[in-house]
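Novice: need a 3D model of the sequence below.
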Amino acid sequence: MAVKHFSVEYDKLSERGAHSPGDVLSGKVTVVTSRKIKVQCFYVKAKGKAKVAWYEEEGQTKVLHSNKKKYFEFEHIVIQDKNKGDGSEIMPPGKNVYPFSFVIPNIDMPSSFKGKWGKITYSLRAKLTQSIWLFHKTKTEFPFFTNSEFPFGSKSEQQFASRVTFFGSGKVTMNVSSEKVGLEQGQAVGVFCEVLNDSTCLVTPKFYLCEKQTFVAQSKRRIHTNEILFGTGDLVPVSSCITTKVLSIPPQSYPTFFNCCMMKLEYRIKVSLDVHSATNPEIKLPLVVLRGFPKPPTQKPKRSIWFKKFPASKNA
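Specialist: Have a look, this model is predicted:
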C-alpha cells in the first residue's frame, strides 16, 4: 500500500499534557507515502464524550442498559476534492505534515475517566479516504481536566468521628480523625486513630481508601465499589489504649467528580476494627480527591504532617 504511516498527535500544554475548558488544542497529522496518491477526503476531528453500558439478566435474557452524551465535536477538513469524490486531489510522495487547531468549549465538562461500566474520553481522530474501498483511520486520546472545584474540599478543618462498640464483657471506643476533607492527587493524608479497649477481645485497626463509582442509564443505576487497604495498625490488647497513624493516597486515583449526568466518582476513608468472631465496627470519613500534580516517582515524597493527640480519655 502507498500509505506507510498515518498518525495524529497533539501538542502538550505542560509536562502532564492535560487540557481544560477554553484551551487551544493544537497538533499535527503525519502521512508518509511511497508515491503520490489521490485523495477524496482527509479530515481530523476533536471529540469529547461520555458513555455507560452494562448487561443485566432479566428472566432468561440479558438486557443492555446504555447511555451516551457528546460534549463537543469539531471537524477540520485537511483535503477535500473539488469534484465530489472523484479523487482529483493529489498528495505528494514522502512525509507530509498537516497542522490543525481547535478551541475546546469553555463549559463545565467532567475530567477524563475510565470506570467499571463507563468512561469519559476526549480524543482526536483522523481519516484519509482514497476511494470507497480504501481509507485509513487513526486515533489518540488526550487527558482532560475539568475546572470545576469543590470549595468544601479545600477546607483545613480537622474531621472527627467516634464510635463505641460492645464486645462480650466490655466495650471498645474508637476515635478517628483526618486533617481535612480534600486532598490533591498524590498527596499524603494523615489519619489518626485512637482505640480504647476495655473489652475481653483483641482488636486491630485497619485503614482503607474506599472508591464508589455510580452509573446511570435508562432509569437504571449500578454501583461499583472498591476498597484499597493502605494501612494496618498495631494490635490493641485487652485493657489498653493505642494510637495509630497511616498515610498515602495513590497518585493515579481519578479526581472526584459529580458533573456528569451518567456517572459520578466518590471516595471515603474507612477505619475498621478487626475483631475475632465478631462483626467489625467501622467509621467512614468523606474524602474529596482534587486535581493535583504528583511529582515523578523518582523524587522522595514529603513527610506527612500528623495531628496532635486527642485529649486524655477518662477510660484510658
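
Novice: outline the domain layout of the protein.
Specialist: Here the domain parsing of the chain from automatic domain parsing is 3-141, 152-290.

Novice: can you redo the ones you listed as JSON lines with mean neighbour count and mean pLDDT?
Specialist: The C-beta positions use only the backbone N, C-alpha and C, and glycine is treated the same way. Formatted as JSON lines, the domains of the chain follow (neighbours: other Cβ atoms under 10 Å; pLDDT from 0 to 100):
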{"stretch": "domain 3-141", "mean neighbour count": "15", "mean pLDDT": "91"}
{"stretch": "domain 152-290", "mean neighbour count": "17", "mean pLDDT": "85"}
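
Novice: and the helices in the stretch 201-316 of the chain?
Specialist: In the stretch 201-316 of the chain, no helices are defined using DSSP state H, counting those that start in this stretch.

Novice: Provide a list of residues in contact with Cys210.
Specialist: For Cys210, the contacting residues are 225-228, 267-270, 284, by Cβ atoms under 8 Å, 6 or more residues apart in numbering.

Novice: give me the nearest residue to the residue nearest the centre of the chain, chain neighbours excluded.
Specialist: Closest to where the C-alpha atoms of the chain average out (Cα atoms, centre = their mean) is Tyr254, at 2.2 Å. Of all residues not flanking Tyr254 in the chain, Phe113 sits nearest, at 5.3 Å (Cβ to Cβ, 6 or more residues apart in numbering).

Novice: report the contact partners of the one you found.
Specialist: 119-120, 254, 257, 263, 265.

Novice: run through the bridge partners of it.
Specialist: Ile120 (DSSP bridges).

Novice: if I look at it, how far off is Leu196?
Specialist: According to Cβ to Cβ, to the nearest Å, Phe113 and Leu196 sit 41 Å apart.

Novice: with Thr140 instead?
Specialist: Thr140 is 56 Å from Leu196, by Cβ to Cβ.

Novice: can I assume Ser169 is in contact with Thr200?
Specialist: Yes - between Ser169 and Thr200 there is a contact at 5.2 Å, judged by Cβ atoms under 8 Å.

Novice: shared neighbours, those two?
Specialist: By Cβ under 8 Å, 6+ apart, no residue touches both Ser169 and Thr200.

Novice: beta partners of Val288?
Specialist: Beta-bridge partners, per DSSP bridges, of Val288: Gly182.

Novice: oh sorry, the question was meant for Val63
Specialist: Val63 has these beta-bridge partners by DSSP bridges: Glu56.

Novice: can you name the residues that contact it?
Specialist: 55-57.

Novice: and what of Lys212?
Specialist: 223-225, 265-268.

Novice: list the ones among those residues that fall in strands.
Specialist: 223-225, 265-268 (DSSP state E).

Novice: now Ala53, nearest residue through space, not along the chain?
Specialist: In space, Ala53 is closest to Ser66, 3.9 Å off (Cβ to Cβ, 6+ apart).

Novice: doesn't Ala50 make contact with the one you found?
Specialist: No - look at Ser66 against Ala50 with Cβ under 8 Å: they stay out of range, at 11.4 Å.
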